[in-house]
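In: Generate coordinates for the sequence data below:
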Amino acid sequence: MTTDSHDLLKSASRGISLGLFAADVGNMRASAKEAVAWGCNILHFDIMDGVFVPQLTGGADFVNAIDADAVCDVHLMVENPGQHIASFVAKGADIITVHAEAKGAAKAMVAIRETADAAGRPVLVGLGLMPQTSIEDARELLDLNPDMVLVLSLDPRTKNPPNIGAACAKLVTLRKEFGPNGPILAFDGGVTLSSIDEIAGCKPDMIVSGSAVFRADNPQNSFNTMAKALKSLQK
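Out: Okay, here's the model as predicted:
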């Protein structure tokens with residue numbers, strides 16, 4: 001794996017990361033390919049084990065089966081992420097995000113890099129932060145230099161509503177700390193057509209949205225509106 005290929009992947013991993021599990025469960029591959037035709041270049045896979053979070057979703061084979069020409073952004077909301085790294089790398093994940101709150105997060109982050117190197121292709125290391133996890137709480141993990149930091153505005157383990165303002169403030173603080181050449185900064189949770197301008201205003205590199213696009217009356221228009229807002233407010 002070369003530095004150039006890593007940098008190219010990092011450059012491609014900016015924009016709206018479309019949460020695929022919000023699509024019609026019986027037509028996810030078709031939905032993914034349709035989204036790519038709109039201009040979507042990142043597909044987001046929420047992988048949940050029913051332990052770390054109550055929900056349960058698909059695994060690495062599902063990511064492979066979608067077979068769409070886009071960056072595969074895998075968000076592991078699982079109890080022991082290190083157990084799953086090899087399978088997701090093998091099945092085509094381009095970004096693997098592990099949670100600061102999960103067991104063995106540091107080892108999992110190291111495993112992503114080692115497994116990607118062995119596979120001879122770039123895979124970005126993501127670090128997810130739940131709302132209650134402060135930057136200082138995650139300091140040791142941030143010192144491992146993740147390629148991406150995913151800031152969540154809500155905790156899927158609770159029924160609390162998203163706190164957009166607090167998540168935006170955390171992202172702004174991370175930007176000040178790392179500067180323009182730091183990790184990709186991503187926002188996840190509570191992203192709708194009503195909140196997109198506020199979220200885009202804190203200048204994330206990536207915004208994750210699923211339901212607000214796939215469950216809209218016109219999904220393509222919703223995606224385009226979000227992509228335009230992010231692009232215009234990033235300047």
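
In: any low-confidence regions in the chain?
Out: 1, 234-235 (pLDDT under 70).

In: Let me see the ranges of the helices in this protein.
Out: 3-12, 28-38, 60-66, 85-90, 105-119, 139-142, 164-178, 196-201, 211-214, 219-233 (DSSP state H).

In: which one of these lies closest to residue 77?
Out: helix 105-119 (12.1 Å; CB to CB). (C-beta placed from N, C-alpha, C; glycine too.)

In: Show me the contact partners of that closest one.
Out: 1, 76, 81-82, 85-86, 89-90, 96, 98-99, 102, 122-123, 125, 127, 140-141, 144, 146 (CB atoms under 8 Å, 6 or more residues apart in numbering).

In: among those residues, which are in strands?
Out: 76, 96, 98-99, 125, 127 (DSSP state E).

In: As JSON lines, these with distance to residue 185 would be great.
Out: Output for those, formatted as JSON lines (distance: CB to CB, whole Å):
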{"residue": "76", "distance to residue 185": "19"}
{"residue": "96", "distance to residue 185": "17"}
{"residue": "98", "distance to residue 185": "17"}
{"residue": "99", "distance to residue 185": "16"}
{"residue": "125", "distance to residue 185": "14"}
{"residue": "127", "distance to residue 185": "11"}
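
In: Of the residues you listed, which is the most crowded?
Out: Using other CB atoms under 10 Å as the neighbour test, the ones in strands among the contacts of helix 105-119 are led by residue 98, with 32 neighbours.

In: how much space between that residue and residue 75?
Out: 9 Å (CB to CB, to the nearest Å).

In: repeat for residue 201
Out: Residue 201 sits 23 Å away from residue 75, going by CB to CB.

In: do the same with residue 137
Out: For residue 137 relative to residue 75 (CB to CB), the value is 19 Å.

In: what's the answer for residue 129, then?
Out: From residue 129 to residue 75 the distance is 12 Å (CB to CB).
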